[in-house]
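**Student:** For reference, the sequence and a predicted model appear below.
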Amino acid sequence: KLSIIPYDYTTSQDILSLSDINRNELFVVYSLYNKLKREIGLVQGTAIKGITKEDLISKKLSVAPSLNEEEVIGSFFTLLDTLITHHQHKYDQLRNLKKAMLEKMFPRNGADVPEIRFKGFEGAWEYREFGDVFYEYSEKDCDDLPPLMIIQGGGTILREKSDRNLMYNKENLSHYKLVNEGDLIVH
């Protein structure tokens, strides 16, 4: 982990402190971060990656031809980090809102009305078996259609658009099931 410290502090002996850097500090942090990310497979450790002081000091970093360019690059990545943090916070808030609304906008077990409803809606909800709401079908031999891929937490995409290298036998496509636009799939 890399950081520029804005004040005087004390740290444990596991921290390597560097000072009097004759380059732009932000630029150096991002340059070193980029270097270490590229070499993560070569870094010591299994669960917690580490690097020795000697290995770190001997790393060759890319440096810009001018301090001005380094300042611009450092400021750019700092802005991106700020935006990422801001959007991560918004993302976390939206996930929490969704979770709360899922709990409140559907009736709890045994109840027939949700806690929260949109204005203008009233009346008791019904309970129906899933199989009474949808019907299952299994149509095969549609090997002229492109195959889909379901990614945990990422939805459904065309297999050819995936960056994952999952092998499959194209001759088996005749065993794949047809999925029509608008269908609900459960995997």
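**Tutor:** Good, I have the coordinates. Numbering: from 1, shown residues only.
**Student:** neighbours around the closest residue in space to Phe77 that isn't next to it in sequence, how many?
**Tutor:** Closest residue in space to Phe77, ignoring its immediate chain neighbours: Tyr30 at 4.7 Å, by CB to CB, 6 or more residues apart in numbering. All C-beta spots, glycine's among them, are computed from the backbone N, C-alpha and C. Look at Tyr30: counted by other CB atoms under 10 Å, it has 20 neighbours.
**Student:** which helices and strands sit right next to the longest helix belonging to the chain?
**Tutor:** In terms of residue count, the longest helix belonging to the chain (DSSP state H) is helix 67-104. On a contact count with 3 or more CB pairs under 8 Å, 6 or more residues apart in numbering; DSSP states H and E, helix 67-104 meets helix 25-38.
**Student:** Would you mind putting the CA coordinates of the helix it packs on into PDB?
**Tutor:** Extracted in PDB, the C-alpha atoms of helix 25-38 (Å, rounded to 0.1, in the frame of the first residue of the first chain):
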ATOM      1  CA  GLU A  25       5.200  12.800  -5.000                       C
ATOM      2  CA  LEU A  26       1.800  11.900  -6.500                       C
ATOM      3  CA  PHE A  27       3.400  10.900  -9.700                       C
ATOM      4  CA  VAL A  28       5.900   8.600  -7.900                       C
ATOM      5  CA  VAL A  29       3.100   7.000  -6.000                       C
ATOM      6  CA  TYR A  30       1.100   6.200  -9.100                       C
ATOM      7  CA  SER A  31       4.200   5.200 -11.100                       C
ATOM      8  CA  LEU A  32       5.200   2.700  -8.300                       C
ATOM      9  CA  TYR A  33       1.600   1.500  -7.900                       C
ATOM     10  CA  ASN A  34       1.400   0.800 -11.700                       C
ATOM     11  CA  LYS A  35       4.800  -1.000 -11.600                       C
ATOM     12  CA  LEU A  36       3.700  -3.200  -8.600                       C
ATOM     13  CA  LYS A  37       0.300  -4.000 -10.100                       C
ATOM     14  CA  ARG A  38       2.000  -5.200 -13.300                       C
END
